[in-house]
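> just coords:
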Ligand code: PGA
């Protein structure tokens, strides 16, 4: 009942040259059985939207300001992303939490602003290595969920991405048991807070060093509804087999 989602986060990578990767993705997946999302840098959103016009591939932003508009030099509002043709936005990625000292309360406000603009928000949560080694993972996840999610949301406008900070860009991946434990925990928390209907319907992505060689085993884990992929989303030749693995899961 949950449509799977293969999401790519290009981070601060990509120029107009990179649009050819989107063309290659649309050619490789003319009729995808899963949702596909690419979040390019903001400078490419408009041209990316044009590139994938008439194809179900969706384009998203990587961040929006918590305010709707105003004096915030260098920032981008949710309604600007929507106007540029984005349908999704990431919120609370660990690199935003680190580089820009974003805390749960800001992420919750950004998420609400993005919802109001009509965007679907991928809210990112995950523990650091220190927190995992101290056996605090589930407490951290519970706290981030409680703090980052607004009280009112729907399964259509919200996706959760569980991304252990220590697995992002490192090539280190949790065991499938560790992924399953956290995803099951997130599902329970969502059901408790938002009710069984919404809680069971929200998609939960895994993120952190997903690549073609580990996608099959990750997608077989319970409550893994797709992936948020960084490095392996930059090239269509790397991302395409991950999409295919998700279609076959
Ligand atoms: P990675 O990044 O796939 O390069 O580990 C994942 C992410 O940050 O979303």
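Everything's here; your move. Fair warning: this is a prediction, and the values are worked out from it, not measured in the lab.

> phi first, then psi, for the most centrally placed residue in the chain.
In the chain, the centroid-proximal residue (C-alpha atoms, centre = their mean) is residue 122; its distance is 4.3 Å. Main-chain torsions, residue 122, degrees, to the nearest 10: phi -100, psi 100.

> residue 13: neighbour count?
Neighbours of residue 13 under the rule other C-beta atoms under 10 Å: 13. Quick note: C-beta positions are derived from backbone N, CA and C, even for glycine.

> distance of it relative to the ligand?
Distance from residue 13 to the ligand, counting by C-beta to the nearest ligand atom, to the nearest Å: 10 Å.

> you'd agree that residue is in a helix?
No. When DSSP: H, G, I helix; E, B strand; the rest coil is applied, residue 13 is found to be coil, with no helix at that position.

> excluding chain neighbours, what is closest to the residue in the chain that the ligand sits nearest to?
When distances are taken as C-beta to the nearest ligand atom, the chain approaches the ligand most closely through residue 230, which lies 2.3 Å from it. Counting by C-beta to C-beta, 6 or more residues apart in numbering, the nearest residue to residue 230 once its immediate chain neighbours are dropped is residue 9, at 5.2 Å.

> show me what from the protein comes close to the ligand.
Counting by C-beta under 6 Å from any ligand atom, the residues of the chain close to the ligand are 9, 163, 168-169, 207-210, 228-232.

> export the residues you listed to TSV and tack on neighbour count, pLDDT and secondary structure?
As requested, the residues of the chain next to the ligand are exported to TSV (neighbours: other C-beta atoms under 10 Å; pLDDT from 0 to 100; DSSP: H, G, I helix; E, B strand; the rest coil):
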residue	neighbour count	pLDDT	secondary structure
9	26	98	strand
163	26	98	coil
168	21	93	coil
169	14	91	coil
207	24	98	strand
208	26	97	coil
209	22	96	coil
210	29	98	coil
228	27	98	strand
229	26	98	strand
230	21	98	coil
231	19	97	helix
232	20	98	helix
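
> and the residues you listed, which is closest to residue 69?
Distance to residue 69 across those (C-beta to C-beta) is lowest for residue 9, with 25.0 Å.

> need the contact list for that closest one.
Contacts for residue 9 (C-beta atoms under 8 Å, 6 or more residues apart in numbering) come out as 39, 62, 90, 93, 207, 228, 229, 230, 233.

> hey, what's it bridged with?
Beta bridges link residue 9 to residue 39 when assigned by DSSP bridges.

> look up how far residue 208 lies from it.
For residue 9, the distance to residue 208 under the criterion C-beta to C-beta, to the nearest Å works out to 11 Å.

> can you report phi and psi for residue 238?
Backbone torsions for residue 238, taken as degrees, to the nearest 10, come to phi -90, psi -40.

> leaving out chain neighbours, which residue sits closest to it?
Setting aside the residues directly before and after it, residue 238 is nearest to residue 232 in space (C-beta to C-beta, 6+ apart), at 4.3 Å.

> look up how far residue 240 lies from that neighbour.
Using C-beta to C-beta, residue 232 is found at 10 Å from residue 240.

> residues contacting the residue of the chain closest to the ligand?
Residue 230 neighbours (C-beta under 8 Å, 6+ apart): 8, 9, 11, 168, 169, 207.

> show me the contacts for the last one.
Residues in contact with residue 207, defined by C-beta under 8 Å, 6+ apart, are 9, 124, 126, 161, 162, 163, 167, 168, 227, 228, 229, 230.

> next, the fourth one: secondary structure please.
I take that to be residue 161. Going by three-state DSSP, the state assigned to residue 161 is strand.

> and it, how many neighbours?
Neighbour tally, residue 161, other C-beta under 10 Å: 26.

> now do the second one
Residue 124 has 27 neighbouring residues, counting by other C-beta under 10 Å.

> would you say it is within a strand?
Yes. Using three-state DSSP, the assignment for residue 124 is a strand.
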